[in-house]
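[1] turn this into a model:
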Amino acid sequence: MPFRFKKNERGYSEFTFKLLRVLLIGSQRALYRPILVNPVNMPTTGPCFLFGNHSHYVDPFFINTWMYDEPTAGVMTREQFHKPVSALFMDSVGIVPTTKYVPEPGVIRSVMKMADQNRMIVIFPEGGRRWDGRPKPLIESTLKLFYKMKLPVHPVRLHGAYLNWPRWADFPRFARIQVHFLPPLNPGDFPDYETFAADCKASIHFNEYETPYENCIPKWAYKPASGIHRLLYRCPETGVDGAVNSADGHHVVSAVTGTRYLMNAASRLLDHRNQTHSLLDIYDRMQEIPMLANKQNYILCETNTPLLKLNHSYQLDNLGIYTATMYTDSISLTDGIQRVEFAMQDILYISIEQNHKISLTLREGTWQFFVIRGSALQWQHYIRRLQAGHKPVTSL
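    Numbering: from 1, shown residues only. Down below sits the predicted model:
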């Protein structure tokens, strides 16, 4: 980063803090009209941690809405630091990059420095935005960090974040956001780590899709079904890959069975009888279908995808245009001349960056490739299922 804003002794730029409050906080206040719930539980300075459910791009800004005196610090996926302007402003308020799910001693040292600077530190321990609005497993190493540092830990529930912009969707909706600050958890008050971790998990364990507050339900949306193929990557009735789509952005249609639903602004599906169906029920039905492989053990393929590798400076090197193929025991990437192959059991961590890029971390390094024609979520699900010992079938 060739240029950086000057920071104060607390580790943030007072100039960019004021600028971001006007531009970003001001914009999200106008769009989402966030509501503060339980202000008595909201910290105004550190050292402390804040954590919450994570579904929306701007969840950190929702938490910062009423932080008038100082910004929060924290960690954010390294993907955002590959964008120069984004990296510049995040660095200016004390946010450091991290690789999802990967323990990094340097990040822990940065967090300890934030605590020494009396910062409020925001970390989302789900490790990425929710795809379906339901709770994700919390990263144990993050909870252990909370416990070992013995700082107050403030749970935050963000209601409406998922319905306002589901991760799979191309376009946002706009309804209100409720930001609930729950009573802080003090690690020293718990008899052991297990009890503390259980309370952390329970604090943000709620389904954002099923039981939203009335004022958090969007009433209008532009093309609410656009992007649904990222979530419903197979026909839930036949298991055919790529069969579900939305040509007009309003109707969800299976090209195989002809099943057709109208999606409303709240991501509910209406059939031809005007009966409402849960998107989650259809999604769960799809996931129950076995993986399908051909006789050559071929499962998925993505052609003409850029292959990137994270270098020692944590920058992405473009290795060229490759074809990525998933087999039952490995992932192969080739440009027709060179070939890279990863055994399934050698993949240590897998994450999805944004909503279309697969990131694979092995002992030898981290590689990324784009999934444009298919679904990155399907790649992630299948890799995890194969690593867990699930066996594909050759016909359905």
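
[2] switch to C-alpha atoms for all contacts and neighbour counts from now on
    Fine.

[3] count of residues packed around Asn53?
    By other C-alpha atoms under 10 Å, the residues close to Asn53 number 33.

[4] list the contacts of it.
    Contact partners of Asn53, counting by C-alpha atoms under 8 Å, 6 or more residues apart in numbering, are Phe124, Glu126, Pro135, Val156, Arg157, Leu158, Ile204.

[5] helices of the stretch 1-150 of the chain, start to end?
    Defined through DSSP state H, counting those that start in this stretch, the helices belonging to the stretch 1-150 of the chain, from first to last, are 14-20, 26-32, 59-64, 84-92, 105-116, 140-149.

[6] tabulate those (a markdown table), appending distance to Phe51.
    Below are the helices of the stretch 1-150 of the chain laid out as a markdown table (distance: least, C-alpha to C-alpha, whole Å):
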| stretch | distance to Phe51 |
| --- | --- |
| helix 14-20 | 21 |
| helix 26-32 | 19 |
| helix 59-64 | 9 |
| helix 84-92 | 18 |
| helix 105-116 | 14 |
| helix 140-149 | 10 |
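
[7] and of those, who's closest to Ala247?
    Closest to Ala247 of these is helix 26-32 (C-alpha to C-alpha; 27.3 Å).

[8] which parts of that closest one are buried?
    For helix 26-32, burial by neighbour count (16 or more other C-alpha atoms under 10 Å) applies to Gln28, Arg29, Tyr32.

[9] and the contacts of that helix?
    Phe61, Phe62, Thr65, Phe174, Ala175, Arg176, Ile177.

[10] let me have these in CSV, extended by distance to Pro184, pLDDT and neighbour count.
    Compiled in CSV, the contacts of helix 26-32 are given as follows (distance: C-alpha to C-alpha, whole Å; pLDDT from 0 to 100; neighbours: other C-alpha atoms under 10 Å):
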residue, distance to Pro184, pLDDT, neighbour count
Phe61, 20, 95, 20
Phe62, 18, 97, 25
Thr65, 19, 97, 19
Phe174, 30, 90, 21
Ala175, 28, 93, 25
Arg176, 25, 96, 23
Ile177, 21, 97, 27
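
[11] and these as TSV, adding distance to Met112?
    Formatted as TSV, the contacts of helix 26-32 follow (distance: C-alpha to C-alpha, whole Å):
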residue	distance to Met112
Phe61	22
Phe62	24
Thr65	25
Phe174	37
Ala175	37
Arg176	35
Ile177	31
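
[12] out of these, which is nearest to Phe342?
    For the contacts of helix 26-32, the minimum distance to Phe342 (C-alpha to C-alpha) is 37.8 Å, reached by Phe61.

[13] contacting residues around the closest residue to the closest one other than its chain neighbours?
    With C-alpha to C-alpha, 6 or more residues apart in numbering as the criterion, Phe61 has its nearest non-adjacent residue at 6.2 Å, and that residue is Ile25. Residues near Ile25 by C-alpha under 8 Å, 6+ apart: Phe61, Phe62, Asn64, Thr65.

[14] in this protein, where is pLDDT below threshold?
    For the chain, the stretches with pLDDT under 70 are 1.

[15] just the strands in the stretch 251-396 of the chain please.
    Along the stretch 251-396 of the chain, counting by DSSP state E, counting those that start in this stretch, strands occupy 251-254, 260-263, 269-270, 276-277, 298-310, 316-327, 330-334, 339-343, 349-353, 357-362, 365-370.

[16] so which residues of the stretch 101-250 of the chain form strands?
    Using DSSP E, counting those that start in this stretch, the strands of the stretch 101-250 of the chain run over residues 120-122, 153-159, 178-181, 244-245.

[17] okay, the strands of the stretch 251-396 of the chain, which one's buried deepest?
    strand 251-254 (a mean of 23; mean count of other C-alpha atoms under 10 Å).

[18] and the gap between Ala73 and Arg268?
    For Ala73, the distance to Arg268 equals 36 Å [C-alpha to C-alpha, to the nearest Å].

[19] looking at the two, which is more packed in?
    Applying other C-alpha under 10 Å to Ala73 and Arg268 shows that Ala73 carries more neighbours, namely 29 against 19.

[20] please look at that one and Ser92 and confirm they touch.
    No - with contacts counted by C-alpha atoms under 8 Å, Ala73 stays clear of Ser92, the gap being 9.7 Å.

[21] hey, which of the helices of the stretch 1-150 of the chain is tucked in deepest?
    helix 59-64 (a mean of 21).

[22] and that helix, C-alpha only, in CSV?
    Extracted in CSV, the C-alpha atoms of helix 59-64 (Å, rounded to 0.1, in the frame of the first residue of the first chain):
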residue,chain,number,x,y,z
ASP,A,59,-23.1,-5.4,8.6
PRO,A,60,-20.0,-3.7,10.1
PHE,A,61,-21.5,-0.3,9.3
PHE,A,62,-24.8,-1.2,10.8
ILE,A,63,-22.9,-1.9,14.1
ASN,A,64,-21.1,1.4,13.7
